[in-house]
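Chemist: My questions concern the predicted model and sequence given below.
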Amino acid sequence: MAERVVPGMRIALPVDYAGVSMAMTRPLIERGAGDLDLVCVPTGGLQVDMLIGAGLVRSVETSGLSLGEAGGAPRFNQAVKDGAIVIRDATCPAIHAGLMAAQKGNPFTPIRGLIGSDVLANRPDWKVIDNPFAAGSSADGPDPIVLIPAIHVDVAIFHAPMADRAGNVWIGRRRELAAMAYAARTTLVTVERIVEESLLADEITAAGVLPALYVSEVAVAERGAWPYGLWGEYGADTAELQRYAKAARSAEGFADYMRAGALEAAQ
């Protein structure tokens with residue numbers, strides 16, 4: 001599946017608790033497709049940090065990036081200090097608004113919560129206009145609103161507990177994964193297992209299913225979110241996240257960590 005990612009693509013990746021396909025991270029790095037523009041939905045962590053450390057990332061649009069309890073994202077932090085990547089500061093609602101616009105085929109979505117924030121000063125692509133439906137001038141003055149452009153992505157990548165033979169994927173309550181898929185031209189999903197029965201045929205699972213219409217390819221990767229956890233399946237390996245955080249403080253430590261992981265995978 002990593003072969004479907006080519007240089008210059010815009011890639012949507014999920015927040016750490018929503019099903020990160022860590023199983024796809026090393027294949028992407030081995031693939032070596034660079035100049036990637038990452039969109040974190042709405043924040044990023046280990047996967048993004050590894051892709052940055054591997055030198056594959058041109059820009060990151062995110063409302064935050066860290067390793068959670070393990071601390072800051074070291075390769076991201078260093079890249080920011082070095083000016084090696086472009087940062088597009090966002091907020092969680094703004095990223096979801098942009099994906100929603102893409103899903104609906106709209107050029108933008110209006111949101112109000114950004115008014116008065118410093119974030120607007122760093123996003124010239126976000127436009128502030130007067131509400132065209134305001135009833136003329138009022139004692140309260142103008143009625144500004146922000147227009148967030150649609151976030152179209154080339155590829156969405158995530159991990160989920162299961163899919164069926166038809167390609168329907170169970171995402172449960174993680175609706176951000178659906179938003180990513182709706183906005184993407186290609187959606188690549190790794191799963192813990194394939195089930196024989198249709199996930200859409202069961203009333204219990206159907207409401208939490210991303211239909212195969214929005215899924216391009218599925219591959220089985222057991223424990224594919226590790227060292228992150230996957231809801232209802234297994235918890236996060238905090239010790240491993242901390243081990244990475246310590247190692248990746250330097251470029252040499254990052255390289256050693258990645259090299260050791262590659263050797264373990266080969267064995």
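Modeler: Cool, got the structure.

Chemist: For Ile115, give its distance to Pro142.
Modeler: Counting by C-beta to C-beta, to the nearest Å, the gap from Ile115 to Pro142 is 11 Å. For the C-beta atoms, the positions are set from N, CA and C on the backbone; glycine is no exception.

Chemist: nope, Ala206 is what I was after
Modeler: The value you get for Ala206 to Pro142, if C-beta to C-beta is used, is 46 Å.

Chemist: ok, the two, which is more surrounded?
Modeler: Set Ala206 next to Pro142 and count neighbours by other C-beta atoms under 10 Å: Ala206 wins out with 14 against 11.

Chemist: Let me see the contact set for the residue nearest to the more buried one when sequence neighbours are not counted.
Modeler: Using C-beta to C-beta, 6 or more residues apart in numbering and skipping the chain neighbours, the partner closest in space to Ala206 is Leu200 (5.1 Å). Under the criterion of C-beta atoms under 8 Å, 6 or more residues apart in numbering, the contact list for Leu200 reads 164, 166, 168, 206, 209, 211.

Chemist: can you rerun that using 6 Å?
Modeler: Each residue near Leu200 by C-beta atoms under 6 Å, 6 or more residues apart in numbering is listed here: 168, 206, 209.

Chemist: nearest to Ala102, of the residues you listed?
Modeler: Nearest to Ala102 among the contacts of Leu200: Val209, at 20.9 Å, using C-beta to C-beta.

Chemist: element containing Val39, please.
Modeler: strand 36-41 (DSSP states H and E).

Chemist: now do Gly232
Modeler: Here Gly232 is assigned to no helix or strand, by DSSP H and E.

Chemist: swap in Val218?
Modeler: Val218 belongs to strand 217-220, assigned by DSSP H and E.

Chemist: right, and the helix or strand after that strand?
Modeler: Counting by DSSP H and E, the next helix or strand C-terminal to strand 217-220 is helix 238-247.

Chemist: Report the separation between the residue nearest to Ala206 and Trp170.
Modeler: Separation of Leu200 from Trp170 (C-beta to C-beta) stands at 10 Å.

Chemist: same deal with Pro149?
Modeler: Distance from Pro149 to Trp170, by C-beta to C-beta: 31 Å.

Chemist: of those two, who's got more company?
Modeler: Neighbour totals were compared for Pro149 and Trp170, and Trp170 leads with 21 against 17 (other C-beta under 10 Å).

Chemist: quick one: contacts for Arg174?
Modeler: Going by C-beta under 6 Å, 6+ apart, the list of residues near Arg174 reads 18-19.

Chemist: repeat that for 8 Å
Modeler: 14, 18-19, 160, 231.

Chemist: how about the strands in the stretch 51-200 of the chain?
Modeler: Secondary structure of the stretch 51-200 of the chain (DSSP state E, counting those that start in this stretch): strands at 57-62, 86-89, 108-111, 127-130, 144-149, 153-164, 169-170, 184-195.

Chemist: strands paired with the shortest one, and their directions?
Modeler: According to DSSP bridges, strand 169-170 has the following sheet partners: strand 153-164 (antiparallel), strand 209-210 (antiparallel).
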